[in-house]
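Visitor: here's a sequence, model it:
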Amino acid sequence: MVDVFSDPGRTLPLIERRIDEAGPVTRFLLELNFRYLDRDETPRRAGSRVVFVPGPAPAGLPAWRTDGPGDPGTMYLEPID
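Guide: Next comes the predicted model:
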């Protein structure tokens, strides 16, 4: 799974936007904090996605049953081509 916490390439635009929106003191501190950030990092390609279905998952895929008020079903990992 890829998200903004595990993939620096996806986090970089969020960091840059926050620095751009900051006032002078916060901007200085953010730039100091991210001084060694690799700004050439590109987002990783995701190999699968999480899918929710109200019934069972397709056979052979990693799946987790979910039970909640009004929304029982299954979440599974679907490969992305």
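
Visitor: per-residue confidence at residue 68?
Guide: If you check residue 68, the pLDDT there is 75.

Visitor: that one and residue 74, how far apart?
Guide: Plainly put, residue 68 is 12 Å away from residue 74 if you go by Cβ to Cβ, to the nearest Å. Glycine gets a C-beta too; all of them are placed from N, C-alpha and C.

Visitor: neighbour-wise, which of these two wins?
Guide: residue 74 (17 against 7; other Cβ atoms under 10 Å).

Visitor: can you get me a residue count around the nearest residue to the more buried one once chain neighbours are set aside?
Guide: Nearest residue to residue 74, sequence neighbours excluded (Cβ to Cβ, 6 or more residues apart in numbering): residue 57, at 4.6 Å. For residue 57, the neighbour count with other Cβ under 10 Å is 19.

Visitor: what do you get for residue 33?
Guide: 11.

Visitor: which helix in this structure has the most residues?
Guide: helix 8-21 (DSSP state H).

Visitor: other residues contacting that helix?
Guide: 2-5, 27, 30-31, 34, 37-39, 41-44 (Cβ atoms under 8 Å, 6 or more residues apart in numbering).

Visitor: redo that, cut-off 6 Å
Guide: 4, 27, 30, 34, 41-43 (Cβ atoms under 6 Å, 6 or more residues apart in numbering).

Visitor: put the buried members of those residues into a ChimeraX selection.
Guide: A single ChimeraX command selects the buried members of the contacts of helix 8-21 (16 or more other Cβ atoms under 10 Å):
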select :30
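
Visitor: now intersect the contacts of helix 8-21 with the helices, please.
Guide: If you go by DSSP H, the contacts of helix 8-21 have 27, 30 in helices.

Visitor: can you list the contacts of helix 8-21 in JSON lines and add distance to residue 15 and pLDDT?
Guide: What follows is the contacts of helix 8-21, written out as JSON lines (distance: Cβ to Cβ, whole Å; pLDDT from 0 to 100):
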{"residue": "4", "distance to residue 15": "10", "pLDDT": "69"}
{"residue": "27", "distance to residue 15": "12", "pLDDT": "97"}
{"residue": "30", "distance to residue 15": "8", "pLDDT": "97"}
{"residue": "34", "distance to residue 15": "6", "pLDDT": "93"}
{"residue": "41", "distance to residue 15": "11", "pLDDT": "86"}
{"residue": "42", "distance to residue 15": "15", "pLDDT": "87"}
{"residue": "43", "distance to residue 15": "13", "pLDDT": "86"}
